[in-house]
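> for reference, the sequence and a predicted model appear below.
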Amino acid sequence: MSAAVPATIEKKKPKSSQHYPSWGVIVWNDPINLMSYVVRVFKVVLGFDPAKAKKHMLEVHEKGKSCVAKETKEKAEFYWQQLQVRGLKVTIEKLN
Amino acid sequence: MQISRRRNQIECHLDVPEKFIFIKALRQLEADYRIHPEDAEEHLRSAWYSSKSQDEAGYSDDEFREWQSQLQEIRSERLENISHWLDRLAQGTSDLTRWEIADSEVDDLISILNDYRLLLALENDIGEHEMEENCFLMQDPDRRMVMIEIHVLAAFMECLIRAVEAE
């Protein structure tokens, strides 16, 4: 990573209606996205306050990735879509 | 580049090179946002329609194609704003273009600028090393220009974020 409203937009229908088990939303480091942009996206999409958004951004920057949400599959897919469409490198993974 | 916030809008003053880079980015995206992921070149697919997580999420190929189409559909919703901004920019006749956008448009704009930076980086194989280099010392003039575009648009994004978050 080089030196963000509860989600408003998007009305695209999530693909799954499963509620269990929980899924992690992982944001990965990349050298192009700006730190300030990543913080802004975390605020806008995930509704993080400034301190939490910055903490996760730094975790991405320093450790290479950060789990920004643990949710139902449906919600994780929504976040995956919203973060990816804003250019962040993001994956979801099943937790245990 | 001067950017400030007045009431519920952001006022931008762009000089000629900045305006040139900005318009170039908008025109490129106006075309690229219309491209279906299956028809996209590799760098565009890598930048915007990554297949990471397809297996983990348990998506079949058809489901994943549908997923990618949804991503493209969301991006294509930005086309209306792009067209509107290009029209307004075309009206600027002085060397310094004064341009206003509503607070509600800013997040779309910064995501658009970011999309263009991602595209440029992937198209030109720009990574961490290049991002930390002094672009003015780069030997290859084409590569130098790409890095200047990436950094100018980054500065634009930083200014917009500061302005929209200002009390």
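Okay, I see it.

> what stretches of chain B score poorly on pLDDT?
By pLDDT under 70, the weakly predicted segments of chain B are B:92-96, B:167.

> how about the residues of it by chain A?
Residues of chain B that fall close to chain A, judged by Cβ under 8 Å from any Cβ of the partner chain: B:47-48, B:50, B:52-53, B:56-57, B:59, B:63, B:66-67, B:70-71, B:73-75, B:107, B:110-111, B:114-115, B:117-118, B:121, B:126-128, B:131, B:150, B:154, B:157-158, B:161-162, B:165. The C-beta positions use only the backbone N, C-alpha and C, and glycine is treated the same way.

> make it 7 Å
Where chain B comes near chain A, counting by Cβ under 7 Å from any Cβ of the partner chain, the residues are B:50, B:52-53, B:56-57, B:63, B:67, B:70-71, B:74-75, B:107, B:110-111, B:114-115, B:117-118, B:121, B:127-128, B:131, B:154, B:157-158, B:161.

> ChimeraX command for the buried members of the residues you listed?
Only the buried entries of the residues of chain B next to chain A go into this ChimeraX selection, using 16 or more other Cβ atoms under 10 Å in any protein chain shown:
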select /B:50,53,57,67,70,71,74,75,107,110,111,114,115,117,118,121,131,154,157,158,161
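
> keep only those of the residues of chain B next to chain A that are in helices.
Among the residues of chain B next to chain A, the ones falling in helices (DSSP state H) are B:63, B:67, B:70-71, B:74-75, B:107, B:110-111, B:114-115, B:117-118, B:121, B:128, B:131, B:154, B:157-158, B:161.

> show me the strands in the chain, by range?
No chain in the question, so chain A it is. Applying DSSP state E to chain A gives strands spanning A:23-28, A:65-71, A:89-94.

> that's the wrong chain, I meant chain B
Secondary structure of chain B by DSSP E: the strands cover B:2-6, B:9-14, B:97-102.

> reformat these as CSV; add mean neighbour count.
Output for the strands of chain B, formatted as CSV (neighbours: other Cβ atoms under 10 Å in any protein chain shown):
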stretch, mean neighbour count
strand B:2-6, 14
strand B:9-14, 19
strand B:97-102, 15
